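Participant: Predicted model, plus sequence, below.
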Amino acid sequence: MSQENVEIVRQLLEAFNARDLDRFARLTTEDFEWSPSMVAIEGEVFLGREGIETYFGRMIDAWDEFRVADGEFRDLGDRVLWRGRLDGRGRISGAAVSAPLDILYGLRNGQVSSMRSFLDHTAALKAVGLEE
């Protein structure tokens, strides 16, 4: 089952990069919970289809380009840890951004039930009880 989970996460990342909200939502559970990397500062977790729509809307408003890239997957059974990079270009400033990004995905019954993003690989590993 876990290799299937890696494939589901791969499909979710493809939908994210394509900004395909409907495909992204179909790959998630009804109670999906999305915790962005800046949740401690922004104080917002995005829930369900409504949360996905809100997040995508904000992303489209703020960025001309926004994608995740160069990822590697770590199969953790009912969780998948993805380690890659976030690349973007601000809509107003035109500034390019490239930053390391890790995302921990929880999966249930063939769908993604949660996403938690980290800007620090060590923090992501600690969250899953692992070390380098």
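Facilitator: All right, it came through fine. Predicted, not measured: the structure shown is a model, and the values here were computed from it. Numbering: from 1, shown residues only.
Participant: switch to C-alpha atoms for all contacts and neighbour counts from now on
Facilitator: Will do.
Participant: Any stretches of the protein with poor pLDDT?
Facilitator: Low-confidence segments of the chain (pLDDT under 70): 1, 38-43, 132.
Participant: all strands of it, in order?
Facilitator: Using DSSP state E, the strands found in the chain span residues 28-35, 46-47, 63-75, 79-90, 96-108, 111-118.
Participant: May I ask you to confirm that residue 71 is in contact with residue 86?
Facilitator: No. The pair residue 71 / residue 86 is not scored as a contact, 9.7 Å apart, by C-alpha atoms under 8 Å.
Participant: Got the phi and psi for the residue lying closest to residue 64 once chain neighbours are set aside?
Facilitator: Using C-alpha to C-alpha, 6 or more residues apart in numbering and skipping residues adjacent in sequence, the residue nearest residue 64 is residue 91, 4.7 Å away. Note on residue 91: backbone dihedrals following degrees, to the nearest 10 are phi -70, psi -50.
Participant: Next: residue 119.
Facilitator: Residue 119 adopts backbone torsions of phi -90, psi 0, taken as degrees, to the nearest 10.
Participant: Tell me the spacing between the residue nearest to residue 3 when sequence neighbours are not counted and residue 65.
Facilitator: Spatial nearest neighbour of residue 3, chain neighbours left out: residue 75 (7.0 Å); criterion: C-alpha to C-alpha, 6+ apart. The gap separating residue 75 from residue 65 is 29 Å, by C-alpha to C-alpha, to the nearest Å.
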